[in-house]
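Participant: Build me a model from this:
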Amino acid sequence: MPEKIQYSIEDLRKFVGKSSIAFYGGEPLLEIEKMKEIMNEIPAERFILQTNGLLLDKLEENYLKKFSTILVSFDGRKETHDLYRGNYDRVFQNARKIKGHCEELIARMTASLETDIYEDVMHILSLNTFTHVHWQIDAVWSKYTVREFEKWVEKYNAGIRRLVRFWIREMIHGRIHKIIPFMGVTTALFKGYRYPPCSSGFESFAIATDGKVLACPICPDLEWNRIGDIYSGINKSVEILDPCPDCNYFRFCGGRCLFFNRERLWGEEGFRLVCSTVKNLVDSLLAYRDVISKYREHLEYPKYLNTTEIIP
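Facilitator: Residues are numbered from 1 along each chain as shown. Sure, this is the predicted structure:
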């Protein structure tokens with residue numbers, strides 16, 4: 001797709017109306033003036049930003065306060081973050097400066113082979129800077145092999161079980177840590193999902209720089225993902241493919257992800273391996289169903305669509 005936006009702000013306004021707008025990249029803050037123009041011209045219900053955090057200090061306070069949610073790429077401990085992204089100190093300082101300026105300030109981790117999910121999430125919680133912690137597993141598109149991923153999954157699943165035990169103990173003592181995958185799964189216990197929790201292709205849509213409308217922002221080149229444009233509207237739908245709709249875990253993960261559901265890049269073995277992380281997450285939480293039920297009103301998430309995928 002083109003590097004810069006090709007459509008007019010007026011065309012965008014006509015298409016989105018008063019829906020929420022999320023700025024997503026690449027890095028949206030590289031086009032900070034265009035962002036501000038959109039925020040000035042379109043009366044969106046909410047504004048949301050996903051950013052690597054390096055340029056957050058360039059966004060003036062009056063614009064920061066317009067955001068309901070800001071998600072910052074932040075991978076946990078300094079050694080983990082710097083291994084994958086660098087600039088831990090700069091990103092952390094920028095995040096700390098904007099604390100309190102938006103409703104949700106989410107640390108959005110990528111969990112990869114050097115991630116210790118327990119230690120890295122616990123580190124973020126200890127910073128007392130982010131309101132929420134979220135993560136996505138680095139899988140399927142990754143450069144490493146299924147065998148390498150399989151070894152890591154064992155450690156990851158054990159870390160999830162340990163993290164759930166911590167979360168439940170804290171909850172019993174009146175301290176609720178806003179760990180998004182845990183909150184999303186517990187919400188599904190009472191409500192359930194009928195499609196991926198991010199709602200891509202169902203209630204959330206991506207607008208490419210050329211004006212095409214995509215079900216999911218991560219794969220603009222795939223035909224099934226192109227569902228219209230901002231000039232003529234949305235003209236087709238997507239569906240969740242087997243085996244997900246008939247799975248006992250579907251109400252908790254909704255198929256996890258449109259791309260993952262449809263593009264089996266790691267084959268059926270890799271598909272089942274990634275699914276095992278979802279099942280472990282769900283089962284670890286359902287073991288404490290009675291405790292979770294008592295705190296249901298404090299755990300509902302998300303209150304509004306904010307681009308979090310919920311299921312790692």
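Participant: just the strands in the stretch 201-312 of the chain please.
Facilitator: 206-207, 212-214, 226-229, 233-234 (DSSP state E, counting those that start in this stretch).
Participant: okay if I get these as JSON lines plus distance to Val72 and mean neighbour count?
Facilitator: Just so you know, the C-beta spots here come from the backbone N, C-alpha and C atoms, and that holds for glycine as well. As requested, the strands of the stretch 201-312 of the chain are exported to JSON lines (distance: least, Cβ to Cβ, whole Å; neighbours: other Cβ atoms under 10 Å):
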{"stretch": "strand 206-207", "distance to Val72": "20", "mean neighbour count": "20"}
{"stretch": "strand 212-214", "distance to Val72": "24", "mean neighbour count": "21"}
{"stretch": "strand 226-229", "distance to Val72": "29", "mean neighbour count": "18"}
{"stretch": "strand 233-234", "distance to Val72": "30", "mean neighbour count": "12"}
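Participant: Reformat these as TSV; add distance to Thr69.
Facilitator: Listed next are the strands of the stretch 201-312 of the chain as TSV, based on distance: least, Cβ to Cβ, whole Å:
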stretch	distance to Thr69
strand 206-207	16
strand 212-214	20
strand 226-229	24
strand 233-234	24
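Participant: Rebuild these as JSON lines, extending it with mean pLDDT and distance to Lys97.
Facilitator: Below are these laid out as JSON lines (pLDDT from 0 to 100; distance: least, Cβ to Cβ, whole Å):
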{"stretch": "strand 206-207", "mean pLDDT": "97", "distance to Lys97": "29"}
{"stretch": "strand 212-214", "mean pLDDT": "98", "distance to Lys97": "33"}
{"stretch": "strand 226-229", "mean pLDDT": "97", "distance to Lys97": "38"}
{"stretch": "strand 233-234", "mean pLDDT": "96", "distance to Lys97": "39"}
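Participant: Can you tell me which of these is nearest to Arg175?
Facilitator: strand 206-207 (36.3 Å; Cβ to Cβ).
Participant: So in that sheet, which strands flank that closest one, and in what orientation?
Facilitator: Here strand 206-207 is paired, per DSSP bridges, with strand 212-214 (antiparallel).
Participant: what does the partner strand contact?
Facilitator: 1, 205-208, 220, 225-230, 233-234 (Cβ atoms under 8 Å, 6 or more residues apart in numbering).
Participant: rerun at 6 Å
Facilitator: Outside strand 212-214, the residues that touch it by Cβ atoms under 6 Å, 6 or more residues apart in numbering are Phe205, Ala206, Ile207, Ala208, Pro220, Asn225, Arg226, Ile227, Gly228, Asp229, Ile234.
Participant: Distance of the second one relative to Val16?
Facilitator: So the one you mean is Ala206. Remark: distance between Ala206 and Val16 (Cβ to Cβ, to the nearest Å) = 12 Å.
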